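J.: sequence and predicted structure are below.
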Protein chains: 2
Amino acid sequence: MARAGLSPDAIVDLALQIIDEEGPAGVTLSAVAGRAGVATPSLYKHVRNLAEVNTLVSIRVMDELADRARELVLGLSGAEALHAFMNVWREYVRSNPGRYAAMIQAAQPELAEAGGRLVDILLALLRGYGLEGADAIHAARCVRSAVHGFAVLEAAGGFGLPVDLDDSYEQLKRMIISGLPKTDRPHV
Amino acid sequence: MARAGLSPDAIVDLALQIIDEEGPAGVTLSAVAGRAGVATPSLYKHVRNLAEVNTLVSIRVMDELADRARELVLGLSGAEALHAFMNVWREYVRSNPGRYAAMIQAAQPELAEAGGRLVDILLALLRGYGLEGADAIHAARCVRSAVHGFAVLEAAGGFGLPVDLDDSYEQLKRMIISGLPKTDRPHV
DNA sequence: CGACCAAGGCTAATGAGGTTAGCTTTACAG
DNA sequence: CTGTAAAGCTAACCTCATTAGCCTTGGTCG
């Protein structure tokens, strides 16, 4: 049998393909093995089990989101940076609903590190905005909650009424950003 | 065989028991049938399949949350009512993390009606606050996003840092409520 | 060159879980 | 007392995940 050139990374690639085409529920070891042109048990030479595949996928997705956020926010500061940050997040979820859905239902501990990168970017933005320490943590939690909640509800089709979603999101961003605590140091 | 007195409702009761004790992943037809003292296939006399059980559970949970919200918000108005509404929601998720987790991963269409009740309560609050029409919809979406996002992240252990969560939630509520658009009609 | 050996594949088998088909029993109405 | 529909049951099948144990490949080193 010709070697299939598998690796944990390659398996995650295939899993993401499946997620994009069929949704998170389509990710079974048989499906992944099928795409790899390999018998199902062969996958166990590269990953511990299905749970690990899901965890690796989650980490990959989180990293992908963090990368986009870092790129697009680079060079911005203050309210502009926060707007951009929140926009990137929503855009990512809209463009990749399956991936985001797959991400938010995997193990905690392994995700902590990947999630930490995203929080770090946010904390950096808030620092540029004049927030440090506990204030920054509270603010970051508010931003994350709002963005995550909106993104999840939108992706799930939870907003049924025929009123423009972009407008709603604009308002949410304004609420959060203008509601940040006033600091002595005016933001850059 | 003595009749077991099953019904879709009774099945949902058992499923909720399992969710509370073992989490949403424990809800299998075998597990439900076991608690009912019945063979697995017997359940099919009352529900179409596992997916329907999950949908019914979601509807029940949504209704439960809506009931609590309506009760606790009754007689309040303005900012006070919105605070109470947001508090009830978070409290429910904290007290019933498994149920909420089970709810947010079921079919959309069947949930629409149950979810609508919750939105109606919120829209009523916002009307008392002076918001109508599209403004009210936008505001309701912001409130839902913030509350849902915070609740989900908290339940998933997504807030790792040792900073008080109650304080964060207070700030989030204030951000949202004080960020509501000003209306000509001052709220009651 | 050729033997070794580990990595990477494979088949077979087990067990959980969902689902269907078809038979049997219960409970109640007439 | 009997007929019938609802509510059980067993048997069987399918898909998946997972484990065990075997075979092959391909590179490394004598």
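T.: Great, that's in hand. Numbering: from 1, shown residues only, chains lettered A, B, ... in the order given.
J.: run a quick neighbour tally on the residue of chain A found nearest chain B.
T.: Proximity of chain A to chain B (Cβ to the nearest Cβ) peaks at residue A:149, 2.5 Å away. In this view, the C-beta of every residue, glycine as well, is placed from N, C-alpha and C. Number of residues near residue A:149 (other Cβ atoms under 10 Å in any protein chain shown) recorded here: 25.
J.: for it, give me its contacts.
T.: Residue A:149 sits next to B:144, B:145, B:146, B:147, B:148, B:149, B:150, B:152 when contact means Cβ atoms under 8 Å, 6 or more residues apart in numbering or on different chains.
J.: now for chain A, the helix or strand with the poorest mean pLDDT.
T.: Across the helices and strands of chain A, mean confidence by mean pLDDT, DSSP states H and E is lowest for helix A:108-128: a mean of 91.
J.: all strands of chain A, in order?
T.: In chain A, no strands are defined using DSSP state E.
J.: spell out which residues of it are next to DNA strand C.
T.: Within chain A, the residues that sit near DNA strand C (Cβ under 7 Å from any atom of the strand) are A:1, A:3, A:4, A:5, A:6, A:38, A:39, A:41, A:42, A:45, A:46.
J.: and chain A, which of its residues are near chain B?
T.: When proximity is defined by Cβ under 8 Å from any Cβ of the partner chain, chain A lies next to chain B at A:104-105, A:108, A:112, A:115, A:134, A:137-139, A:141-142, A:144-150, A:152-153, A:156-161, A:163, A:165, A:167-168, A:171-172, A:174-176, A:178-181.
J.: near DNA strand D, which residues of chain A are found?
T.: When proximity is defined by Cβ under 7 Å from any atom of the strand, chain A lies next to DNA strand D at A:1-3, A:28-31, A:40-41, A:44, A:49-51.
J.: apply the buried test to the residues you listed and list what passes.
T.: Those of the residues of chain A next to DNA strand D that meet the buried threshold are A:29, A:31, by 16 or more other Cβ atoms under 10 Å in any protein chain shown.
J.: can you put the residues of chain A next to DNA strand D in CSV and add pLDDT?
T.: Putting those into CSV (pLDDT from 0 to 100) gives the following:
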residue, pLDDT
A:1, 58
A:2, 64
A:3, 78
A:28, 98
A:29, 98
A:30, 98
A:31, 98
A:40, 98
A:41, 98
A:44, 98
A:49, 98
A:50, 98
A:51, 97
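J.: so, low pLDDT: which residues of chain A?
T.: Chain A contains residues with pLDDT under 70 at A:1-2, A:184-188.
J.: tell me where it has helices.
T.: A:8-22, A:29-36, A:50-73, A:78-95, A:97-103, A:108-128, A:133-155, A:165-178 (DSSP state H).
J.: now do the third one: which elements does it pack against?
T.: Spelled out, it's helix A:50-73. If you count contacts as 3 or more Cβ pairs under 8 Å, 6 or more residues apart in numbering or on different chains; DSSP states H and E, helix A:50-73 packs onto helix A:8-22, helix A:29-36, helix A:78-95, helix A:97-103, helix A:108-128.
J.: number of nearby residues for residue A:73?
T.: There are 21 residues near residue A:73, going by other Cβ under 10 Å.
J.: surely it is in contact with residue A:88?
T.: Yes: with contact defined as Cβ atoms under 8 Å, residue A:73 reaches residue A:88; the gap is 7.1 Å.
J.: and the helices and strands packed on helix A:50-73: which comes nearest residue B:66?
T.: Nearest to residue B:66, of all the helices and strands packed on helix A:50-73, is helix A:97-103, at 24.3 Å by Cβ to Cβ.
J.: and that closest one, what's buried?
T.: Applying 16+ other Cβ under 10 Å to helix A:97-103 flags A:97, A:98, A:99, A:100, A:101, A:102, A:103 as buried.
J.: I'd like to know how far the nearest residue to residue A:106 once chain neighbours are set aside sits from residue B:104.
T.: Computed as Cβ to Cβ, 6 or more residues apart in numbering or on different chains, the closest residue to residue A:106 that is not its neighbour in sequence is residue A:58, at 3.7 Å. Separation of residue A:58 from residue B:104 (Cβ to Cβ, to the nearest Å): 17 Å.
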